[in-house]
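Q: No sequence on hand, only this structure:
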């Protein structure tokens with residue numbers, strides 16, 4: 001069953017997330033808009049890996065607009081309606097700060113998961129995860 005909006009139209013991923021996680025940061029909105037298209041959510045000031053402003057070693061100076069909550073990433077991987085909206089090319093974030101513990105233990109992720117040039121503020125638990133491919137550069 002496809003979730004619907006109040007107008008009877010299919011709900012998009014951003015609407016689903018807004019209902020559960022409001023307010024959303026700029027980076028979260030970028031991720032939610034990129035995921036259904038299989039695109040990368042560029043959360044930093046540029047798309048370049050070599051941009052010093054995208055260096056996760058300096059993430060303490062990044063503003064809250066670049067934060068993506070770990071619980072939102074987990075929700076995208078486990079919620080039936082949410083993960084059904086994600087393109088098989090997967091979730092891809094670039095130069096974002098992942099806040100909170102990212103616990104994906106025992107999760108079956110049906111798509112690529114890529115967190116490139118991202119900073120993860122707390123623990124990352126991937127024990128017994130099933131995922132076709134993962135990129136944590």
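A: It's in. These numbers come from a predicted model, not from an experiment.
Q: all contacts plus neighbour counts: C-alpha atoms, from now on.
A: Will do.
Q: need the helices for this structure, in chain order.
A: Secondary structure of the chain (DSSP state H): helices located at 13-21, 26-34, 70-78, 80-84.
Q: now for the first one, which elements pack on it?
A: Right, the one you point to is helix 13-21. helix 26-34 (3 or more Cα pairs under 8 Å, 6 or more residues apart in numbering; DSSP states H and E).
Q: what's the answer for the shortest one, then?
A: Taking 3+ Cα pairs under 8 Å, 6+ apart as contact, the helices and strands that helix 80-84 lies on are helix 70-78.
Q: relative to helix 13-21, how tilted is the helix it packs on?
A: Helix 70-78 and helix 13-21 meet at an angle of 130 degrees, taking axes from the mean of the first three to the mean of the last three Cα atoms, to 10 degrees as the criterion.
Q: how close does the closest residue to residue 85 other than its chain neighbours get to residue 26?
A: Leaving out its chain neighbours, the residue that sits closest to residue 85 by Cα to Cα, 6 or more residues apart in numbering is residue 36, at 5.6 Å. Taking Cα to Cα, to the nearest Å as the measure, residue 36 falls 17 Å from residue 26.
Q: So for those two, which sits in the more crowded spot?
A: The residue with more neighbours, out of residue 36 and residue 26, is residue 36; 21 against 15, by other Cα atoms under 10 Å.
Q: Hmm, the more buried one is touching residue 92, no?
A: No: the criterion here is Cα atoms under 8 Å, and residue 36 misses it with residue 92 at 10.8 Å.
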